[in-house]
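Asker: below are the sequence and a predicted model; questions follow.
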Amino acid sequence: MSSFIHESAIVSPKAKIGADCCIGAYSTVGDEVILGDRVHLESHVVIGGKTSIGDETRIFPFVSIGLAPQDLKYAGEPTATEIGKRNHIREFVTVHRGTSGGGDLTKIGDDNLLMAQAHIAHDCIIGNEVIMANAATLAGHVEIADRANIGAYSGIHQYCRIGVEAFVGGYSVVVKDAMPFATIQGNHAKCYGLNRVGMKRRGYSKDTISKLHHAFHLLLSSKLNTQQAVERIKQEIKDCAEVDLLVDFIETTKRGVVK
């Protein structure tokens, strides 16, 4: 099927537009942009740089994607932005392309919801089914794992990681890595234990939730330091992939974890 391009939109003849796309009024699409099939741009969307957007992604008014990062070291080098399939990107979201010092790429996976005014800085890597609430902000080089939830008006420090299924409460300031399956909140953020509500909603088994709860008890409520707690977890909790993931996350942290 043919795509619809509003007469007021400015679309480069070099851009690659997939089947059945819709490009709304006053939107701008640059030379190196690739839109997959059935991508829908509402009015006043700006997409520039070397940017690809996957099938069935919907982008709302006043979104800016793929423009130069807010990094004073950036000198115009050719870098990229990749956005996957079926994302919903709401009003006034900004996504900046990567830098040569950070891997040349800002990347967003599939099925994410980025609510109004969220900001994704250069070289961030976001997984799948992530929710960023209104005005949630990622500094450069942040990694967000699958199904994490970042609350409204929260700020994530450079180079931090947010683990799988982690829940970051609104108005939080995160300066260390947020552990998988954790609930964290505050300024600076503290960990309040296992994200039980999220895990139940996702259909995790009672056995998995119980084992993770025990792991978080050792990490947060015992008198053990982090290294000692990890060793106890390895000794006491067996045959649980989620606990293994938690342990690996802690052992590979570079900034420390939120406790």
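Answerer: Thanks, I have the structure now. Residues are numbered from 1 along each chain as shown.
Asker: for residue 2, give me the pLDDT.
Answerer: Listed pLDDT for residue 2 reads 86.
Asker: which residues sit in contact with it?
Answerer: 19-20 (Cβ atoms under 8 Å, 6 or more residues apart in numbering). Using the backbone N, CA and C atoms, a C-beta is placed for each residue, glycine as well.
Asker: show me the contact partners of stretch 133-141.
Answerer: With Cβ under 8 Å, 6+ apart as the criterion, stretch 133-141 contacts 69, 71, 99, 102, 115-124, 132, 144, 149-160, 170.
Asker: which residue ranges make up each domain of this protein?
Answerer: 4-141, 201-251 (automatic domain parsing).
Asker: tell me which of those sits nearest to residue 176.
Answerer: Ranking the domains of the chain by proximity to residue 176 (Cβ to Cβ) places domain 201-251 first, at 11.1 Å.
Asker: tell me the mean pLDDT over the closest one?
Answerer: Computed over domain 201-251, the average pLDDT equals 97.
Asker: quote the end-to-end distance of it.
Answerer: End-to-end span of domain 201-251 (Cα to Cα, to the nearest Å): 28 Å.
Asker: how about stretch 153-163?
Answerer: 19 Å.
Asker: next, the buried residues of that stretch.
Answerer: For stretch 153-163, the neighbour count (16 or more other Cβ atoms under 10 Å) marks 154-158, 160-163 as buried.
Asker: same check, this time on stretch 86-94
Answerer: Here stretch 86-94 shows 86-94 as buried, counting by 16+ other Cβ under 10 Å.
Asker: same question for stretch 6-21.
Answerer: For stretch 6-21, a neighbour-count test (16+ other Cβ under 10 Å) marks 9, 11, 15, 17-18, 21 as buried.
Asker: next one: stretch 165-183
Answerer: Of all the residues in stretch 165-183, those buried under the rule 16+ other Cβ under 10 Å are 165-169, 172, 174, 176-183.
Asker: tell me, what residue is most central in this protein?
Answerer: residue 126 (3.4 Å; Cα atoms, centre = their mean).
Asker: could you dump the domains of the chain to a markdown table with distance to residue 258?
Answerer: What follows is those, written out as a markdown table (distance: least, Cβ to Cβ, whole Å):
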| stretch | distance to residue 258 |
| --- | --- |
| domain 4-141 | 16 |
| domain 201-251 | 10 |
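Asker: what's the most buried one of the ones you listed?
Answerer: domain 4-141 (a mean of 19; mean count of other Cβ atoms under 10 Å).
Asker: need the buried residues of stretch 86-94 in CSV (columns: distance to residue 250).
Answerer: Formatted as CSV, the buried residues of stretch 86-94 follow (distance: Cβ to Cβ, whole Å):
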residue, distance to residue 250
86, 32
87, 30
88, 32
89, 32
90, 33
91, 37
92, 36
93, 31
94, 32
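Asker: out of those residues, list just those in strands.
Answerer: Among the buried residues of stretch 86-94, the members falling in strands are 88-89, 94 (criterion: DSSP state E).
Asker: any weak-confidence spans in the stretch 51-200 of the chain?
Answerer: Within the stretch 51-200 of the chain, not a single segment meets pLDDT under 70.
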